[in-house]
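Enquirer: Sequence below, structure please.
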Amino acid sequence: MNTPSTSRVARRMACAGFLVLATSLTAGPWQSLFNGKDLRGWKVVESGGKAPYTVEKKAIVGTTVAGTPNSFLATEQTYGDFILEYEVKQEGATNSGVQIRSQSRPDYQNGRVHGWQVEIDPSARAWSGGLYEEARRGWYYPGSALNPAARGAYKPGEWNRFRVEAIGPSIRTWVNGIPVAHVVDDLDRAGFIALQVHSIGRNDEPGKRILWRNIRIQTKDLKPSPPDALFVRNNVPNTLTDAEKAQGWKLLFDGQSAAGWRGVGKEQFPEHGWKIESGELVVVGKAGPDDRSPRGGDIVTTEHYGAFELQFDFQVTPGGNSGVKYYVQEAGRLGLEYQLLDDEKHPDAKMGAGGNRTTGSLYDLIPRENMPGGANIPPKPGTWQHGRIVARADGSVEHWLNGIKVVEYNRNSRLFAALVARSKFEKNEGFGRLEKGPILLQDHGDEVRFRSIKIRVL
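Expert: Alright, predicted model coming up:
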C-alpha cells in the first residue's frame, strides 16, 4: 500500500514523464517505420506463427489464430541505439508486445525469435511496459509488480502511447507518459523491431486484434530523458550506472577482491572455503560427504546498516542451501535471513511451517508468497536469480525475488513477535530487533555464487 508520500512521488513522476513524452513529440529527427498504407519495410519472421498482419485505417492489425506459436512482423532493418514511439490498442484481451534489439538465427532454436520485448498486457497483473526477454532469459522487469507507480498506466481497449529509449546498454520504457521499466544489459545491443501476436490455445477464441499506429524512431542525436527514481535492474555484473549512483547505491563486492568483508568474529577474510573467480564471490562447497577440508564459515560486511536497500544476484547449485542475513548478532550468527535454497531437492524446504524455509522466505518465520508461473520468475537452481531486501527505519521489511515482492512484515509489530515466539529463535532475546547490524552471507557447506551485491542507505 502506498503511503501519502509515495503517492505524491508517483504523481510527480507521472507528470514529469508526461512532460518528457509531450516534449519528445516535437523533437527530431524522426523516421516513420510505417507509412500508414502497406507493410513496406516489414516482413513476417518465420517462427511457426500463423497470425495475419493487415493494414486498416492507417494501422497495422495483427489477429490471433488458435493453436499456433507466437507470430512476429519485423522490420527489415536492424537498429542499435534508438528512441522508439508507437501507439497500440487491443480489441479483446490478449497478451502482446513489441520486440526490440531482437534476433532470428538458424543457430538458435531453428530461427526462433528472441530478444527484449516491451510487454502489452491487459490482464489484471498490469505488466504493460515491462521488459521480458523472449525465448531466452524471461522476465527481468515485470512492469507494475516491480514498479507499482505504473499500475493503471495502460488503458485496455484504448489507444496507448509507448516510448522506448535503448541507448547503449540502457533500456527504459514509458506508457502514456508514465515511466515503467529500466533495464541495463550488454547482450545483443542491436536487432530488429517486431510486432508480436501472442499464441493462444487450440480451444481459445481466435480473431482478437492488436492494432499499432504512428510508429516512429530516432537513431541520431539521441537525447535520453532526464533521470528518474525508478529501480534499475542492472544485468552487467558488479557495475553501477550513473542512475544507480545518483540514487545512492554502492557496491559491496567489486568483483575482484574481498574488500569490505571479513569472517564472522574475525578481522580478516577467510583463507579457506571462499574464493573469487570470474567476478563472482563463491562459497566453495564440499566435494562430498567425506570431505574434511577446512570451511570458511559465514562472512559479514565490515560496515553495519540500519535502514537500507540491498540487492544481489545469486546462483544456488542443485541441492544447495545458503542465506543472506541482516541485523546480525555475530555471537551465534543470529539474524533475519533471506533464505536461498534448492526448494525441490533440499530437505530443509519441507521443514519449518507452511514453506517458510523456501527461497525468498524469511527463514523459519514467514513463507514467500506464491509467484507467477513460468517465464523464469520462480527460482531455479543453476541459473542466476535476483534477490532484494528493503528494510526501512519504521521497521517495515520487504523481500523481493526476481522482481516480485514475496514477503512483507514489520519487525516491530506484535505479529512479528508472535512469529518469533513459535520459531526456533524463541529463546533468543531481541532477535531481529537490532537498530543496526552487518550483512551476512552464509556458508552452509554447499556451493553458492554471488555477484552484483549492492546497497544503499535509506
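Enquirer: those helices in this protein, which residues are they?
Expert: Assigned by DSSP state H, the chain shows helices spanning 4-24, 242-246, 414-421.
Enquirer: buried sites along the shortest one?
Expert: Under the neighbour-count criterion of 16 or more other C-beta atoms under 10 Å, helix 242-246 has Ala243, Glu244 buried. Placement of C-beta: from N, CA and C, glycine included.
Enquirer: Just the CA atoms of that helix, as PDB, please.
Expert: What follows is helix 242-246, C-alpha atoms only, in PDB (Å, rounded to 0.1, in the frame of the first residue of the first chain):
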ATOM      1  CA  ASP A 242      25.000   6.800 -13.300                       C
ATOM      2  CA  ALA A 243      21.400   6.500 -12.400                       C
ATOM      3  CA  GLU A 244      22.200   4.000  -9.600                       C
ATOM      4  CA  LYS A 245      25.000   6.200  -8.200                       C
ATOM      5  CA  ALA A 246      22.600   9.200  -8.200                       C
END
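Enquirer: tell me the mean pLDDT for that helix?
Expert: Taken as a whole, helix 242-246 has an average pLDDT of 97.
Enquirer: ditto for the last one
Expert: Rounded to a whole number, the mean pLDDT of helix 414-421 is 98.
Enquirer: elements contacting it?
Expert: The helices and strands touching helix 414-421, judged by 3 or more C-beta pairs under 8 Å, 6 or more residues apart in numbering; DSSP states H and E, are strand 404-410.
Enquirer: same question for the strand it packs on, mean pLDDT?
Expert: On average, strand 404-410 scores 98.
Enquirer: and the direction of that strand versus that of helix 414-421, what angle?
Expert: Inter-element angle recorded for strand 404-410 and helix 414-421: 90 degrees (by axes from the mean of the first three to the mean of the last three C-alpha atoms, to 10 degrees).
Enquirer: Against Gly355, how distant is Ala145?
Expert: 20 Å (C-beta to C-beta, to the nearest Å).
Enquirer: do the same with Trp127
Expert: 25 Å.
Enquirer: the more surrounded of these two?
Expert: Taking neighbours as other C-beta atoms under 10 Å, Trp127 and Gly355 compare with Trp127 leading, 28 against 16.
Enquirer: That one contacts Pro142, doesn't it?
Expert: Yes: the pair Trp127 / Pro142 is scored as a contact, 5.2 Å apart, by C-beta atoms under 8 Å.
Enquirer: What's the end-to-end length of stretch 278-291?
Expert: This stretch, stretch 278-291, spans 25 Å end to end (C-alpha to C-alpha, to the nearest Å).
Enquirer: likewise stretch 374-394?
Expert: Note: stretch 374-394 ends 35 Å apart using C-alpha to C-alpha.
Enquirer: start the count at 759, not 1, going forward
Expert: In the new numbering, first residue 759, that becomes stretch 1132-1152.
Enquirer: how about the nearest residue to Ser854 once chain neighbours are set aside, what does it touch?
Expert: Leaving out its chain neighbours, the residue that sits closest to Ser854 by C-beta to C-beta, 6 or more residues apart in numbering is Ile878, at 4.1 Å. Applying C-beta atoms under 8 Å, 6 or more residues apart in numbering to Ile878 gives the contacts Val846, Gln848, Asn853, Ser854, Gly855, Val856, Ser886, Tyr912, Ile968.
Enquirer: if we look at the sheet, which residues does the fifth one bridge to?
Expert: Using DSSP bridges, the bridge partners assigned to Gly855 are Glu877, Gln954.
Enquirer: Kindly report the same for the first one.
Expert: With DSSP bridges applied, Val846 shows beta-bridge pairing to Asn918, Trp970.
Enquirer: how close does it sit to Leu904?
Expert: In terms of C-beta to C-beta, Val846 sits 21 Å off from Leu904.
Enquirer: swap in the last one?
Expert: Note on Ile968: its distance to Leu904, by C-beta to C-beta, is 24 Å.
Enquirer: give me the low-pLDDT residue ranges for this protein?
Expert: 759-786 (pLDDT under 70).
Enquirer: Domain ranges for it, per the record?
Expert: 762-976, 995-1215 (automatic domain parsing).
Enquirer: Out of the contacts of Ile878, who's the most crowded?
Expert: Ser886 (32 neighbours).
Enquirer: if I pick the residue nearest to Arg971 when sequence neighbours are not counted, what's in contact with it?
Expert: When the adjacent residues along the chain are set aside, Arg971 lies closest to Ala817, with 4.2 Å between them (C-beta to C-beta, 6+ apart). If you count contacts by C-beta under 8 Å, 6+ apart, Ala817 has them with Lys847, Leu969, Trp970, Arg971.
Enquirer: again, but for Asp1012
Expert: So Asp1012 contacts Asn996 (C-beta under 8 Å, 6+ apart).
Enquirer: go with 10 Å
Expert: By C-beta atoms under 10 Å, 6 or more residues apart in numbering, the contact list for Asp1012 reads Asn996, Thr997, Gly1018, Ile1034, Gly1037, Leu1039, Ile1211.
Enquirer: returning to what we had before: which one of the contacts of Ile878 is nearest to Ile1162?
Expert: Proximity of the contacts of Ile878 to Ile1162, judged by C-beta to C-beta, is greatest for Ser886, which lies at 16.5 Å.
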